[in-house]
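1. starting from these lines, generate the structure:
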Amino acid sequence: MIFQGRGIAKGCASGELLVSTGPISFLSGVNPETGDVVEKGHPLEGQTLAGKVIAFDHGKGSTVGSYVIYALSKNGHAPLAIINTEAEPIIAVGAIMGGIPMIDRIGVPMTQLKSGTQVTVNGDTGEFLYEGALCRITSEE
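-> Numbering: from 1, shown residues only. All right, here's what the predicted structure looks like:
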């Protein structure tokens, strides 16, 4: 299934989906050295965001979270791509700075997405391919 969303940060990535039922705070909620979720009581506590396509409604916390996302990218432990219900500045700026493809407004509640599914996020076109792993980049590089 292909869903049309809104592209936030350019790029295309395919990988395993990791869905959070709660918002993510990158400042003090995610270890920038490992990509592990360390926030106590968070639905993803103990899991890693590194190398996954992460889907969550929105971020929370300080604007320093943008820099944590950037640090994850520089440390090689960033998510492959980010999907939000509604992008907000903290996550969007971090994705842009870190070169992490990001989309929002896909028209599907996060509760209907399943972790472990192979997906593709195309930040250039805003497309979200659920149950597929084929990047279809349409922009000039």
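
2. CA only for contacts and neighbour counts going forward, please
-> Noted.

3. what segments of this protein are strands?
-> Ranges of strands in the chain, per DSSP state E, are 2-4, 6-9, 12-19, 53-56, 81-84, 102-104, 118-122, 127-130.

4. and the fifth one, what does it pack onto?
-> Applying 3 or more CA pairs under 8 Å, 6 or more residues apart in numbering; DSSP states H and E, one finds that strand 81-84 contacts strand 12-19, strand 53-56, strand 102-104, strand 118-122.

5. same question, the longest one
-> Other elements packing on strand 12-19 under the criterion 3+ CA pairs under 8 Å, 6+ apart are strand 53-56, strand 81-84, strand 118-122.

6. avg pLDDT for that strand?
-> Strand 12-19 carries an average pLDDT of 96.

7. cool, and the fourth one?
-> On average, the pLDDT along strand 53-56 is 98.

8. again with stretch 85-96
-> Mean predicted lDDT for stretch 85-96 stands at 96.

9. can you start the count at 24 instead of 1 from here on
-> In the new count, where the first residue is 24, that last one comes out as stretch 108-119.

10. now do the buried residues in that stretch.
-> Neighbour-count burial for stretch 108-119 flags 108, 110, 113-119 (criterion: 16 or more other CA atoms under 10 Å).

11. could I get the residues you listed as TSV with distance to residue 45?
-> Shown next, in TSV, are the buried residues of stretch 108-119 (distance: CA to CA, whole Å):
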residue	distance to residue 45
108	12
110	14
113	16
114	14
115	17
116	20
117	19
118	19
119	22
